[in-house]
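Chemist: A structural model of the following input is requested.
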Amino acid sequence: MIADFNTPTLRESSVHFVKEGSIVRQIWGNADTILVIFAGAAAEFALNKAVDWLYFTGRLPADPLGRLFSTVSYARAIVFSERKAALRAIEAIAAIHADVEAKRGTRIPDWAYRDVLFMLIDYSIRAYELLDRKLSRDEKQEVFDVFYEVGSRMGVPGLPETLEAWEAMRQEHLLQDLQRSPYTQDLFRQYRKHLGPLRYRILLETQKLVAPSRVLSLLGFHRQSFLKPLLGLYKLSRIFKVDWLLKELILPAEYKKQINALDQVPAGKHR
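Modeler: Numbering: from 1, shown residues only. Okay, here's the model as predicted:
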């Protein structure tokens, strides 16, 4: 998705787009999990064959972190919105994409829309399982159902109607829709420029832990990451509520306020 919009105001209501207590709210209510989703999306966006659409406005290469955070933040906002507000936000996303298509004089491929939805489903599951615990089949179904409705409301054609069908299509998309290109190299250069050497290395190591094997293969990454032994320390820091110290060390100062604002479910309260 080509995100360039303001996050809608969240309103309290008894009728939410995602029901209270849903695993989707637990996943998207924790800044740490969202950061891992962001890391995986950053890797896969760089390989998508439709990444040229993200370059069309020129804003992605100018501010890749801001554009990716905008997309992730908007998805999270929908998760916590009252239903009517969420549906208006989804309509706004569709309108924004239609405007970009009109300016370029051609349509974004249907498979590119599906790819973004598939990423949000997959990395939601992968990030939560990396930082917390394995999800049950029913919980994975909840994640699928939420983003299926988002895509359906946007009018995205050809969406899989079941979790099983999505799993098969996701594998097909990973094989068919990804390639290493000059855009890949440029985006990773921009990531390094905007993050700095240390944070960029942490991004890469996180991607090794969360990205599908196909993504790692195209990027030339192996699965081993020096962060893996530190996951236990991280989980311990959450229990003792000192994970803020780790964030201070690894987060760019200009994004700390935005990232901390993503916390909707306090650590330790969502198990």
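Chemist: helices and strands of this protein: which one has the lowest mean pLDDT?
Modeler: helix 243-250 (a mean of 58; mean pLDDT, DSSP states H and E).
Chemist: For Ala75, give me its contacts.
Modeler: Contact partners of Ala75, counting by C-beta atoms under 8 Å, 6 or more residues apart in numbering, are Trp28, Leu120, Val150. All C-beta atoms are positioned from the backbone trio N, CA, C, and that covers glycine.
Chemist: pLDDT score for the first one?
Modeler: pLDDT, the model's per-residue confidence, is 91 for Trp28.
Chemist: hang on, isn't it packed against Phe80?
Modeler: Yes: taking C-beta atoms under 8 Å as the contact criterion, Trp28 and Phe80 are neighbours in contact, 7.3 Å apart.
Chemist: what about those two, which has more around it?
Modeler: A count of neighbours by other C-beta atoms under 10 Å puts Trp28 above the other of Trp28 and Phe80, at 30 against 20.
Chemist: mind listing the helices for the stretch 1-150 of the chain?
Modeler: If DSSP state H, counting those that start in this stretch is used as the criterion, the helices of the stretch 1-150 of the chain fall at 23-28, 31-45, 52-55, 59-62, 64-79, 83-104, 110-131, 137-154.
Chemist: For these, please prepare CSV with the additional fields distance to Phe221.
Modeler: Rendered in CSV, the data for those read as follows (distance: least, C-beta to C-beta, whole Å):
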stretch, distance to Phe221
helix 23-28, 24
helix 31-45, 8
helix 52-55, 21
helix 59-62, 22
helix 64-79, 18
helix 83-104, 30
helix 110-131, 15
helix 137-154, 25
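Chemist: Out of those helices, which is closest to Arg192?
Modeler: The minimum distance between Arg192 and the helices of the stretch 1-150 of the chain falls on helix 64-79, with 10.2 Å, by C-beta to C-beta.
Chemist: JSON lines for the contacts of Ala75, including distance to Ala92?
Modeler: As requested, these are exported to JSON lines (distance: C-beta to C-beta, whole Å):
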{"residue": "Trp28", "distance to Ala92": "19"}
{"residue": "Leu120", "distance to Ala92": "17"}
{"residue": "Val150", "distance to Ala92": "12"}
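Chemist: now the stretch 51-200 of the chain, which segments are flagged as low pLDDT?
Modeler: Under the criterion of pLDDT under 70, the regions of the stretch 51-200 of the chain flagged as low confidence span 57-61, 68, 72-73.
Chemist: now with 90?
Modeler: 51-109, 154, 190, 193-196, 198-199 (pLDDT under 90).
Chemist: Show which residue of this protein lies farthest from the average position.
Modeler: Residue distances from the centre of the chain (C-alpha atoms, centre = their mean) peak at Gly105, which lies 27.7 Å from the mean C-alpha position.
Chemist: Quick check: Arg170 touching Phe118?
Modeler: Yes: taking contact to mean C-beta under 8 Å, the distance of 5.0 Å between Arg170 and Phe118 places them in contact.
Chemist: Of these two, which one has the most company?
Modeler: Phe118 (26 against 19).
Chemist: Can you give me the distance of that one to Gln185?
Modeler: Taking C-beta to C-beta, to the nearest Å as the criterion, Phe118 is separated from Gln185 by 24 Å.
Chemist: what do you get for Val79?
Modeler: The gap separating Val79 from Gln185 is 33 Å, by C-beta to C-beta.
Chemist: So between those two, which is more surrounded?
Modeler: Here Val79 and Gln185 are set side by side on neighbour count (other C-beta under 10 Å), and the busier one is Val79, at 23 against 11.
Chemist: Looks like Phe118 contacts His173 (just checking).
Modeler: Yes: counting by C-beta under 8 Å, Phe118 touches His173, with 5.8 Å between them.
Chemist: Output the contacting helices and strands for the helix or strand harbouring Gln207.
Modeler: Under the criterion of DSSP states H and E, Gln207 resides in helix 197-210. Here helix 197-210 is seen to pack against helix 31-45, helix 110-131, helix 182-195, helix 213-219, helix 243-250 when contacts are counted using 3 or more C-beta pairs under 8 Å, 6 or more residues apart in numbering; DSSP states H and E.
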